[in-house]
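Q: Provide a 3D model corresponding to the input given below.
(one chain, ligands or ions: 1)
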Amino acid sequence: MAVCLLFKDSYFITSIMENSSFDTNAMPKFLGGHVWLAGAGPGDPGLITLLCAHALQRADVVVYDALVGPGIMEMARPEAELKYAGKRGGKPSPKQPDITLSLIEYAREGKRVLRLKGGDPFVFGRGGEEAMRLAEAGIPFRIVPGVTAGVGGLAYAGIPLTHRDHNPAVTFLTGHGASGKVPENINWRAIAEGSPVIVMYMALKHLPNITEKLLAAGRDPDEPVALISRATLPEQTVLETRLSRCVADAAAAGIEPPAVVVIGSVVSFREHLDWLKPRTEGGC
Ligand code: SAH
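A: Coordinates of the predicted model:
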């Protein structure tokens, strides 16, 4: 299978932080009554930051999302209260205002509250909305950035996000607006004409509509496209295709969310840079 998970349990991180010359006192104190809004990275537990691991080992409550990778919650203190706030997995989904309210209530009870999200909390993860509510409620908070799927996922697929000879710019966009439809406030023509590489989050559902808009705006039907599903996890799947046939190919391959879609010539580097492949064949 695919990925070598470098840290199978929290022991590895704990030992780095406590037994090496790494100074845990250099870490900011996680005080009661504070909320830390942290990103857990795209899935592989090895991609969480030391600051996030530190927070997991100190939090009284962890309110976590569906996209927090397997193995990461095991790093939480055994006494910590773990609250699932995800919107997947067949479980009833808590409403966004309820989630934010619970963060405020826990903080007011004097708890150390860790709000843990997949990827980076400020990238298409409603972290900005949650932080605004905390600010309005006068709750002290810290933002802990994480590796976002549109960066980490490409790295694990062997696709350089930028390359000097190919793209001096990248566009990140969401294919799913607040209304549930393709976002209307995206200027698709401007993106099609001006962005050499487009990285799309939450784009599977509306991929037919999005590709149609890009093609209508003059994007090359033969342009390389990659769909990276369950990026950085052992079951990561990468489909390489072309813009004009990516919808049909994705359906035929049964590509499932979560997935990022990359459009641009940098996708072609994967032929040479798929560093996971030899490991897949040779074992971890
Ligand atoms: N805050 C997250 C994004 C949340 S929006 C981040 O920074 O990564 C959810 C979308 O993120 C998914 O629909 C998918 O497009 C992308 N995503 C998150 N984790 C992913 C993963 N492991 N593999 C592929 N895509 C992922």
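
Q: can we go C-alpha only for contacts and neighbour counts from here?
A: Will do.

Q: correct me, but Arg77 touches Ala59?
A: Yes. Counting by CA atoms under 8 Å, Ala59 is a contact partner of Arg77 at 7.2 Å.

Q: looking at the two, which one has more neighbours?
A: Set Arg77 next to Ala59 and count neighbours by other CA atoms under 10 Å: Ala59 wins out with 26 against 18.

Q: my guess is the more buried one contacts Arg115, does it?
A: No. Ala59 is beyond contact range of Arg115, at 9.5 Å (criterion: CA under 8 Å).

Q: report the secondary structure state of Thr241.
A: strand (DSSP: H, G, I helix; E, B strand; the rest coil).

Q: look up how far the ligand lies from it.
A: Separation of Thr241 from the ligand (CA to the nearest ligand atom, to the nearest Å): 17 Å.

Q: please apply the same query to Leu50.
A: From Leu50 to the ligand the distance is 17 Å (CA to the nearest ligand atom).

Q: repeat that for Pro145.
A: From Pro145 over to the ligand (counting by CA to the nearest ligand atom), the distance is 9 Å.

Q: next one: Ile198
A: 13 Å.

Q: going forward, begin numbering at 23 instead of 1
A: Sure, I'll start numbering at 23, so the last one becomes Ile220.

Q: so what's that residue bridging to?
A: Thr193, Ile285 (DSSP bridges).

Q: what is the burial count for it?
A: For Ile220, the tally of surrounding residues (other CA under 10 Å) stands at 21.

Q: just to check, it is in contact with Thr193?
A: Yes. With contact defined as CA under 8 Å, Ile220 reaches Thr193; the gap is 4.8 Å.

Q: what ranges does the stretch 73-222 of the chain have for its helices?
A: 118-130, 149-159, 171-178, 210-216 (DSSP state H, counting those that start in this stretch).

Q: and this structure, which of its residues are near the ligand?
A: For the chain, the residues in contact with the ligand (CA under 6 Å from any ligand atom) are 64-65, 89, 140-143, 145-147, 170-171, 223-224, 250-254, 280-282.

Q: which of these count as buried?
A: 64-65, 89, 140-143, 145-146, 170-171, 223-224, 250-254, 280-282 (16 or more other CA atoms under 10 Å).

Q: return the subset of those lying in strands.
A: Among those, DSSP state E puts Tyr223, Ile250, Ser251, Ala281, Val282 in strands.

Q: count of residues packed around the closest residue to the first one other than its chain neighbours?
A: I take that to be Tyr223. Spatial nearest neighbour of Tyr223, chain neighbours left out: Thr196 (4.7 Å); criterion: CA to CA, 6 or more residues apart in numbering. Using other CA under 10 Å, Thr196 has 16 other residues around it.

Q: equivalent analysis for Ser201, please.
A: 8.

Q: bridging residues for the most centrally placed residue in the chain?
A: When CA atoms, centre = their mean is applied to the chain, the residue found nearest the centroid is Gly141 (2.7 Å). Beta-bridge pairing of Gly141 under DSSP bridges involves Gly63.

Q: can you give me the distance of it to Lys227?
A: 20 Å (CA to CA, to the nearest Å).

Q: His294 is in what secondary structure piece?
A: Using DSSP states H and E, His294 maps to helix 292-295.

Q: buried set for that helix?
A: Those would be Arg292, Leu295, for helix 292-295 by 16+ other CA under 10 Å.

Q: do stretch 213-229 as well
A: 213-214, 217-229.

Q: any idea how far it is from the middle of the chain?
A: Relative to its parent chain, stretch 213-229 has a centroid offset of 16 Å by CA atoms, centre = their mean, to the nearest Å.

Q: what sits up against it?
A: For stretch 213-229, contacts defined as CA atoms under 8 Å, 6 or more residues apart in numbering pick out 146, 172, 183, 188-198, 203-204, 236, 239-241, 269, 279-288.

Q: what about stretch 137-154, average pLDDT?
A: Averaged over stretch 137-154, pLDDT sits at 96.

Q: end to end, how far does that stretch reach?
A: 14 Å.

Q: quick check: phi and psi at Gly61.
A: phi -100, psi 140 (degrees, to the nearest 10).
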